[in-house]
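From the sequence below, what's the structure:
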Amino acid sequence: MAAALAPDTGSASDAALVSDTAPVPDARSAAVAPGPLLGIPRQRAGRATGARAAETGIRSAEAGTHAVEAGPDAPDAAVRPGPSRPWQPLRLLPTPVGTPFTFGFAVVLAVTSLFAEYADPGLVSRLLHGSSTDVVHLTQAPLPVLIASALWIAGGMTSGYAVAFLFVLTALERRIGARGAATVFFGGHVLATLATELPVAFSVAAGGLPESSLHRLDYGISFGVMTCIGALAGLLPAWPGRLLLAVVGYLALTDLLAYADPLSDWGHLLSLALGVASWPLLRRWRTRRAAPAPLLGDLGHPALRGARMY
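Residues are numbered from 1 along each chain as shown. Sure, this is the predicted structure:
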């Protein structure tokens with residue numbers, strides 16, 4: 001009986017030895033998710049998810065420790081500026097995907113210019129007179145003749161307006177899109193044409209000009225290009241835009257003072273002024289185009305603004 005009641009000192013010492021030599025679980029082993037429970041199916045995915053979450057938490061804690069050790073003066077990788085976008089000269093020229101309106105229109109102008117250069121001169125002369133936006137044609141078929149007159153380049157592909165068309169309309173379309181560039185070009189072409197031809201009609205009716213002025217040959221893309229130059233100057237940064245506007249305005253004014261073709265020269269200045277007048281509209285257009293599309297269910301509708309959704 002006494003032996004039974006005596007404490008087992010050997011077992012106690014062994015237990016103490018085991019407890020002293022047993023490894024202490026660290027934070028990594030303690031953070032691992034427990035094993036699956038009996039009687040509950042489909043726990044393997046959950047266990048793996050828990051293990052991955054625990055490992056993510058450990059990595060986040062280690063990253064925070066390293067950030068604290070680095071101190072407040074260490075550079076933050078989140079706010080470190082990325083590499084600047086390299087300058088791409090090919091973006092100055094039209095492409096089928098980036099600037100479809102300018103590219104397609106340039107192809108049409110190239111075809112008509114080659115036709116005017118190598119086709120029969122008599123046929124070319126008849127086509128140009130049929131596309132002229134003179135007073136007679138504007139009174140008979142205004143819409144077809146306004147479109148046809150913009151399909152030819154006065155002076156061919158080597159003229160200054162042909163070169164300006166490529167660079168100016170490409171830059172404009174990259175900023176306001178194909179629909180905006182087409183609206184500016186054809187809007188300036190139509191308004192400047194009407195503004196220069198209607199006074200001719202009134203002067204002929206009043207007896208100030210001969211009747212031959214009603215058949216004046218007038219075609220080309222110059223009015224549309226000048227309007228696009230004036231519009232582009234308002235979308236560029238301050239100094240490049242003002243410099244472009246000053247240079248082109250000076251050239252147009254010197255042509256007008258030379259008095260070689262005063263009607264067309266007045267139309268060029270008017271077209272440039274129309275482009276400048278479109279600055280507020282084009283800037284709002286560009287801002288609206290660059291804004292991100294609203295997500296489904298947001299409070300973008302005016303009727304939902306100010307409403308509390310909870």
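
longest helix anywhere in this protein?
If you go by DSSP state H, the chain has its longest helix at helix 160-206.

Which elements pack onto that one?
If you count contacts as 3 or more Cβ pairs under 8 Å, 6 or more residues apart in numbering; DSSP states H and E, helix 160-206 packs onto helix 100-118, helix 135-140, helix 142-149, helix 222-233, helix 262-277, helix 279-290. Every residue, glycine included, has its C-beta placed from N, CA and C.

Comparing the ones you listed by mean pLDDT, which bottoms out?
Lowest mean pLDDT within the helices and strands packed on helix 160-206: helix 279-290, at a mean of 85.

State the distance from I229 to A273.
Separation of I229 from A273 (Cβ to Cβ, to the nearest Å): 11 Å.

likewise L214?
26 Å.

Likewise for F186?
From F186 to A273 the distance is 17 Å (Cβ to Cβ).

I'd like to know how many residues surround G156.
14 (other Cβ atoms under 10 Å).

so what's it up against?
113, 116-117, 162 (Cβ atoms under 8 Å, 6 or more residues apart in numbering).

ok, 10 Å please
Counting by Cβ atoms under 10 Å, 6 or more residues apart in numbering, G156 makes contact with 109, 112-114, 116-117, 162.

Could you do S149 as well?
Per Cβ under 10 Å, 6+ apart, neighbours of S149: 128, 130-134, 137-138, 189-190, 193, 218-221, 223.

Go through stretch 97-113 and flag the buried ones.
99, 101-103, 105-106, 109, 112-113 (16 or more other Cβ atoms under 10 Å).

now the residue nearest to L244 when sequence neighbours are not counted: how far from S278?
Nearest residue to L244 in three dimensions, chain neighbours excluded: A233, at 4.9 Å (Cβ to Cβ, 6 or more residues apart in numbering). Per Cβ to Cβ, A233 is found 11 Å from S278.

same check, this time on G267
Distance from G267 to S278, by Cβ to Cβ: 17 Å.

okay, those two: which has more neighbours?
Higher neighbour count among G267 and S278: G267, with 25 against 21, using other Cβ under 10 Å.

Just the buried residues of the contacts of S149.
Buried among the contacts of S149 (16+ other Cβ under 10 Å): 128, 131-134, 137-138, 189-190, 193, 218-221, 223.

closest to L166 among these?
Compare each of those with L166 using Cβ to Cβ and the shortest gap goes to I221, at 11.2 Å.

The closest one touches F185, doesn't it?
Yes - I221 lies in contact with F185 (Cβ atoms under 10 Å); the separation is 8.0 Å.

who touches both of those two?
Between them, I221 and F185 share the contacting residues 105, 150, 165, 169, 228, judged by Cβ under 10 Å, 6+ apart.

who wins for most neighbours among these?
Of the shared contacts of I221 and F185, with other Cβ under 10 Å as the count, C228 tops at 29 neighbours.

Is it correct that that one is in contact with L166?
No - applying Cβ under 10 Å, one finds C228 not in contact with L166, separated by 11.3 Å.

V145 and G230, how far apart?
24 Å.

what about those two, which has more around it?
G230 (26 against 22).

Now for the buried ones among the contacts of S149: which two are most distant?
L128 and V190 (19.0 Å).

that older thread, with distance to L251 added, can I get the buried residues of stretch 97-113 in JSON lines?
Shown next, in JSON lines, are the buried residues of stretch 97-113 (distance: Cβ to Cβ, whole Å):
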{"residue": "T99", "distance to L251": "25"}
{"residue": "F101", "distance to L251": "26"}
{"residue": "T102", "distance to L251": "22"}
{"residue": "F103", "distance to L251": "27"}
{"residue": "F105", "distance to L251": "23"}
{"residue": "A106", "distance to L251": "22"}
{"residue": "L109", "distance to L251": "21"}
{"residue": "T112", "distance to L251": "25"}
{"residue": "S113", "distance to L251": "22"}
